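*Asks:* sequence first, predicted model second:
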Amino acid sequence: MNENIAQIRELLIKGKMNEINALVKEELEKGTAAEVILNDGLLAGMDDIARKWAEGTAFIPEVLIGARCMNMAIDILEPHLVKTEDSSRGTVVMGTVQGDLHDIGKNLCILMMKAKSFNVIDLGVDVSAEKFVEAVKQYEPMVLCLSSLLTTTMGNMKVVIDALKEAGIRGKVKVAVGGAPVTQDFADEIGADLYTEDAVQLADALVAYCG
Ligand code: B12
């Protein structure tokens, strides 16, 4: 593997934001594909952090700073991953459900959807069912995307779907769900319309779904 990319991977757990950003920019200038920097450098580094946390050799502060570095670097990669200004395919609203602060996966989903010419409204993290309902009324999206990374918060996806029904607008929007603990069975169980394992599959599925 390219040495800079291997270094980006290693520097993530050390939280070396400036060094990571400099290496990301250097690789982009050299012509390395943004997808390679993302997958082999940043996402591989986040997998290392997750493994070390699970083993008990990394702790929350390291995970938090690694996540910050990741989000900063993704911002640098964004114009190289989203090569189009076109957002004519339709509107999507996305957020992480209430009680959940994980946003890296959500941000990647948003990037991949923008790359496929969707206009994406990002509601952020810890979003209540009421806020999702308000956003669906305001933006009238084709699809509402819900993200959850915790087994303790994934149930809030059903709370959102129930709130849409309660507001009489469930039939007006497709609901896509995802995040590490979410499965197709869970999606079926709560009455979601779409589940995919990752961001690239989500964007592709939405293209097939919405045309
Ligand atoms: C980074 C991280 C954090 C960071 C988050 C920072 C941030 N800005 O996001 C911090 C340190 C804040 C954190 C906190 C906590 N975390 Co945490 N965290 C992680 C970690 C290591 C990585 C998650 C990540 O970003 N992965 C990389 C991205 C790219 O992957 P992803 O999120 O899965 O997203 C992809 C897919 O899931 C999918 N996707 C995501 N959303 C959607 C939506 C749709 C619609 C679709 C279709 C697809 C989709 O596409 C994405 C891209 O391909 C995971 C470990 C893991 N293996 O997941 C633990 C993990 C999720 N955390 C965990 C826990 C327990 C916590 C805490 C409760 C710890 C604590 N004691 O405080 C808190 C909870 C805080 C809260 N209220 O949310 C557990 C969850 C266990 C469980 N079963 O519920 C995990 C699994 C770690 C573990 N092994 O124990 N965490």
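*Replies:* Yep, that arrived.
*Asks:* stretch 94-106 near the ligand at all?
*Replies:* Yes - legend: contact between stretch 94-106 and the ligand by C-beta under 6 Å from any ligand atom is shown at 99-106. All C-beta spots, glycine's among them, are computed from the backbone N, C-alpha and C.
*Asks:* mind checking how far the residue lying farthest from the centre of the chain is from the ligand?
*Replies:* Ranked by distance from the centre of the chain (C-alpha atoms, centre = their mean), the top residue is residue 168, with 27.8 Å. Between residue 168 and the ligand the computed distance is 23 Å (C-beta to the nearest ligand atom, to the nearest Å).
*Asks:* break this structure into its domains for me.
*Replies:* Domain assignment for the chain by automatic domain parsing gives 3-81, 91-210.
*Asks:* what's the neighbour count on residue 185?
*Replies:* If you count neighbours by other C-beta atoms under 10 Å, residue 185 ends up with 9.
*Asks:* which residues touch it?
*Replies:* Counting by C-beta atoms under 8 Å, 6 or more residues apart in numbering, residue 185 makes contact with nothing.
*Asks:* which phi and psi does it have?
*Replies:* Residue 185 adopts backbone torsions of phi -60, psi -40, taken as degrees, to the nearest 10.
*Asks:* what do you get for the one 4 residues further on?
*Replies:* Per-residue torsions, residue 189: phi -60, psi -40 (degrees, to the nearest 10).
*Asks:* on that earlier part again, restricted to helices, list the residues of stretch 94-106 next to the ligand.
*Replies:* Cross-referencing the residues of stretch 94-106 next to the ligand against helices under DSSP state H gives 104-106.
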